[in-house]
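>>> sequence and predicted structure, then a few things I'm wondering about:
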Amino acid sequence: MTDASLVVTDLHVEFSGFVAVGGVSFDAHPGEVRFLIGPNGAGKTTCIDAITGLTKGTGSARLGEKELLGKQVHKIVRLGVGRTFQTASVFDELTVLQNLDIAAGLHRSAFSLLRARHGIDPSIEQALAETGLAAELATPAGILSHGQKQWLEIAMLLVQDAKVLLLDEPVAGMSHDERTATGELLQRIAAKRIVLVVEHDMDFMRRFATRVTVLHQGKVLSQGTVAEVQADPKVQEVYLGTAGAATTAAMAVVPETVAETLKLTED
Ligand SMILES: Nc1ncnc2c1ncn2[C@@H]1O[C@H](COP(=O)(O)OP(=O)(O)OP(=O)(O)O)[C@@H](O)[C@H]1O
């Protein structure tokens, strides 16, 4: 839980001279479900990699007063920055509870680890309730549905008391009902935390984003509310291609039509 904001300023990431992220700035605050969208290769995951220390970046990524860039991965985790990956990384052979116990152990003393063997830790109980996994306590993670595995990953971040959750394509491969449940879960956990979602699913973005940053070729193309971003001709051009640019002006006055087009293009 945090009052601090995540403020990314002029973030640059290069791979052997190739500029993957070229001066990206955005911020994310507790209480909003913040989205980072953009076509393939736009630099979305690289931004998250830089914020979490997996990739070297220059510029600034501050959580409150703390600078994250330049810190080692485990130190960034200890500052409360957690992430999920496009492929869920849970221990398939362990139960939901065992996975959560391992996640909770990150901050737990030897004494409390010992105590935890005799009951369910309150932080785990809360995470299970928040993610709707309470009935799956004894289920091996490997037989959870795709959606439940993603929720388990989110629950693991919650028991670690993550203040910032960076989620890379959390609804990819989910059913419609699982997407809805995930969106509602993100709204709940975002009330007191920073939630930044990288997504391709435009319908999901339209339903659950409070603010959106659109990346294209490593730069910020557009930023604002869903309505503002959808009405931005630059965004329409990128998603529809140059052939669609001629119709951009006409479409801009019919945001719902454009939204449908974006949805059809991306789904
Ligand atoms: N380790 C790396 N080495 C070299 N180039 C990389 C590396 N990681 C990413 N890139 C390149 O950087 C660019 C941005 O990649 P990134 O994965 O951040 O895009 P993305 O917006 O997340 O795309 P997608 O939606 O397809 O996941 C791409 O051109 C990609 O090929």
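That came through, no problem.
>>> the helices in the stretch 51-200 of the chain, which residues?
Ranges of helices in the stretch 51-200 of the chain, per DSSP state H, counting those that start in this stretch, are 73-78, 96-104, 110-116, 122-131, 146-159, 176-190.
>>> how about those in TSV, adding distance to the ligand?
Every residue, glycine included, has its C-beta placed from N, CA and C. Converted to TSV, the helices of the stretch 51-200 of the chain look like this (distance: least, Cβ to the nearest ligand atom, whole Å):
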stretch	distance to the ligand
helix 73-78	15
helix 96-104	25
helix 110-116	36
helix 122-131	24
helix 146-159	16
helix 176-190	18
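>>> pick the most buried one from those helices.
Scoring the helices of the stretch 51-200 of the chain by mean neighbour count under mean count of other Cβ atoms under 10 Å gives helix 146-159 as the most buried, with a mean of 24.
>>> also compute the angle for it relative to helix 122-131, please.
Angle, helix 146-159 to helix 122-131, by axes from the mean of the first three to the mean of the last three Cα atoms, to 10 degrees: 140 degrees.
>>> so what's the residue lying closest to S123 once chain neighbours are set aside up against?
Once flanking residues are discounted, S123 sits nearest to V159: 4.9 Å by Cβ to Cβ, 6 or more residues apart in numbering. Going by Cβ atoms under 8 Å, 6 or more residues apart in numbering, V159 touches L100, A103, A104, D121, S123, I124, A127.
>>> min pLDDT across these, which one?
The lowest pLDDT within the contacts of V159 belongs to D121, with 83.
>>> contact partners for the closest residue to that residue other than its chain neighbours?
Once flanking residues are discounted, D121 sits nearest to A104: 5.7 Å by Cβ to Cβ, 6+ apart. By Cβ under 8 Å, 6+ apart, the contact list for A104 reads A116, D121, S123, I124, V159, Q160.
>>> one step back: spell out which two among the contacts of V159 are the most distant pair, please.
The span of the contacts of V159, defined through Cβ to Cβ, is set by A103 and D121 at 10.4 Å.
>>> next to the ligand, which bits of the stretch 1-150 of the chain? Give me the list.
Contact residues (Cβ under 6 Å from any ligand atom) of the stretch 1-150 of the chain with the ligand: F15, F18, A20, G38, N40, G41, A42, G43, K44, T45, T46.
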